[in-house]
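[1] Provided below are the primary sequence and the corresponding predicted coordinates.
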Amino acid sequence: MKKKILIILVIISTLFLTGCWNYVGIDEFTIVAGIAIDKKDEENYLLTFEIIDLSNSNKETGVVTKLIQSTGKTIFDAIWDARATASNKLYFGDAMIIIINNEVARNDGISDFMNFFIRDGEIRETTIVLISKEESAAELLKTKGVTQNIISFKIMDIISDSKAINLYIKGIELYNVINILKGQGVELVLPVFKKVISNENEVVRLDGMATFKDDKLDGFLSFEEVKYFLFGIDEIGSGILTFSTEGEDNHNVTIEIKKSNTKIDYVKEDTKIKYTLKIEVEGFLSEFNHQEKLLNSKKIEELEKIAAKNLKSRIEKVISDIQKEGSYDILRLGNLIYRKDPKLWNELKKDWNNNFSTLDIKIDCKVDIKNTAFFR
């Protein structure tokens, strides 16, 4: 009898446990696609949200977005203030990007912002963090999308497709920003975007990367510098190498990169740390503006040596400039010691930023042309 009663109670209880306990209708919240962080004045932040306007989106117009703004002494304060503008609760589960004003990042740092967002229960840990080179971060959200109405999604597409379309950029997710800020022997770099005019419209464009010291913006790497910086940290997925041959027989050559591998090692000699970066590149000969020359094995070998020499020279210059212009280890060299020899790192970490600019870094490059599209 007791078993029967228990079974009946279980069956009855299931009737009250169906459905989603925290179900919210789509018309009851406002979907945020992207967030821009600026400063309104010395004490208050200005947040701009790109939101998806479901009420005006239809088959003819496509997805329509609009911008709302709010202010507050903290990020959470500003988000709370947004309720005065948005009739429904802001939903951050689909937010793709967080754009930070470059002056805010330089003067205030970004740790507080990152800590807030990583604690938030809705925002994704894979949300991309980037820097605006415009006077305000909100200006990027006011541009026009060429193939995508939602600007935040367009920026995300550019970063996601960067390797596939041979753009030299590295997207940094929110969780990874936190890991780097809390890590040892490594400094942060973030993608930079700006506005440009295309077909009489303002559109977003990649503009290199921002370098950080601790959590504050310290400088910028140009688009070209980023390319050779990424060789140094083994983050090149694809791309091209363009160079000129030497001597009287001078002509332009382009190699399409299919594979790149960078091995970093170090040795300690007395009190000095010496690094070696061995970079091996495999690629195809894509352009050779001297077709009357016979592309035999000897000529291919010659091109490989010139390409390696050219690549080495450019990487050396970028690394030298990084060392001269700031005492920040965006190359992760200290982190290598931290992971391989914690005891040695404990001896070095106190003065690492000061010593980084004087590190002895040797570059070895090898280029292997796998295919020429010509018969040898």
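    Looks like it arrived, so ask away.

[2] name the SS class of F153, please.
    Assigned by DSSP: H, G, I helix; E, B strand; the rest coil, the conformation of F153 is helix.

[3] thought it was touching M96?
    Yes: in this structure, F153 is within contact of M96 by CB atoms under 8 Å, at 5.7 Å. (Glycine included, C-beta is placed from N, CA and C.)

[4] residues that sit against both of the two, list them.
    33-34 (CB atoms under 8 Å, 6 or more residues apart in numbering).

[5] for the spatially closest residue to K40 that is not a sequence neighbour, what are its contacts?
    Nearest residue to K40 in three dimensions, chain neighbours excluded: L46, at 4.0 Å (CB to CB, 6 or more residues apart in numbering). By CB under 8 Å, 6+ apart, L46 lies in contact with 37-40, 69-71, 78, 136, 138.

[6] L46 and D81, how far apart?
    Look at L46 and D81: by CB to CB, to the nearest Å, they are 10 Å apart.

[7] and for these two, which residues touch both?
    Common contact partners of L46 and D81 (CB under 8 Å, 6+ apart): 70-71.

[8] show me where the stretch 51-200 of the chain has strands.
    65-72, 89-91, 97-101, 128-132, 189-198 (DSSP state E, counting those that start in this stretch).

[9] can you list contacts of stretch 131-148?
    Stretch 131-148 is touched from outside by 34, 36-38, 46, 48, 50, 67, 69, 99-102, 104-105, 151-152, 154-155, 157, 190-195, 198, 201-204, 207, 210, 217, 220, with contacts defined as CB under 8 Å, 6+ apart.

[10] and if you look at stretch 303-316?
    With contact meaning CB under 8 Å, 6+ apart, stretch 303-316 is reached by 228, 231-232, 241, 243, 245-246, 253, 255, 277, 279, 281, 285, 288, 363-369.

[11] what residues sit buried inside it?
    Using 16 or more other CB atoms under 10 Å as the test for burial, stretch 303-316 gives 303-304, 306-308, 310-312, 314-316.

[12] could these go into CSV alongside distance to I322 and pLDDT?
    Listed next are the buried residues of stretch 303-316 as CSV, based on distance: CB to CB, whole Å; pLDDT from 0 to 100:
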residue, distance to I322, pLDDT
L303, 29, 89
E304, 27, 91
I306, 25, 92
A307, 23, 92
A308, 21, 94
N310, 19, 94
L311, 17, 95
K312, 16, 95
R314, 13, 94
I315, 11, 95
E316, 11, 95
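
[13] biggest separation within these, which pair?
    Distance extremes for those: the farthest pair is L303 and E316 at 20.3 Å, using CB to CB.

[14] excluding chain neighbours, what is closest to A307?
    Once flanking residues are discounted, A307 sits nearest to V367: 4.1 Å by CB to CB, 6+ apart.

[15] now do K216
    G109 (4.6 Å).

[16] I figured that neighbour hits L188, correct?
    No: contact criterion CB under 8 Å: G109 and L188 do not qualify, at 10.6 Å.

[17] give the residues shared as contacts by the two.
    Between them, G109 and L188 share these contacting residues under CB under 8 Å, 6+ apart: D215.

[18] re earlier: is it fair to say the residue nearest to A307 lies in a strand?
    Yes: counting by three-state DSSP, V367 falls inside a strand.

[19] ok so, going back, give me the subset of the buried residues of stretch 303-316 lying in helices.
    Using DSSP state H, the members of the buried residues of stretch 303-316 that fall in helices are 303-304, 306-308, 310-312, 314-316.

[20] mean confidence for stretch 93-100?
    What stretch 93-100 shows for mean pLDDT is 92.

[21] can you list contacts of it?
    Against stretch 93-100 from outside (CB under 8 Å, 6+ apart): 31-37, 52, 110, 113, 117, 122-124, 127-132, 137, 140-141, 152-153, 155-156, 174, 193.

[22] dump stretch 29-38 to CSV, keeping only the CA atoms.
    The C-alpha coordinates for stretch 29-38 follow below in CSV (Å, rounded to 0.1, in the frame of the first residue of the first chain):
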residue,chain,number,x,y,z
PHE,A,29,14.1,41.1,-23.0
THR,A,30,16.4,43.2,-25.2
ILE,A,31,19.2,41.3,-27.1
VAL,A,32,22.6,43.0,-26.8
ALA,A,33,25.0,42.3,-29.8
GLY,A,34,27.9,44.4,-28.6
ILE,A,35,29.1,46.8,-25.9
ALA,A,36,31.3,49.9,-26.2
ILE,A,37,32.9,51.5,-23.1
ASP,A,38,33.7,55.2,-23.1
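
[23] contacts for that stretch next, please.
    With CB under 8 Å, 6+ apart, stretch 29-38 has contacts from 45-52, 54, 65, 75, 86-92, 94-101, 104, 113, 132, 136-138, 140-141, 150-153, 155.

[24] OK, contacts around the residue nearest to A138 when sequence neighbours are not counted?
    Ranked by CB to CB, 6+ apart and with sequence neighbours excluded, the top spatial neighbour of A138 is T48, at 3.9 Å. T48 makes contact with 35-36, 38, 67-69, 137-138, 141, according to CB under 8 Å, 6+ apart.
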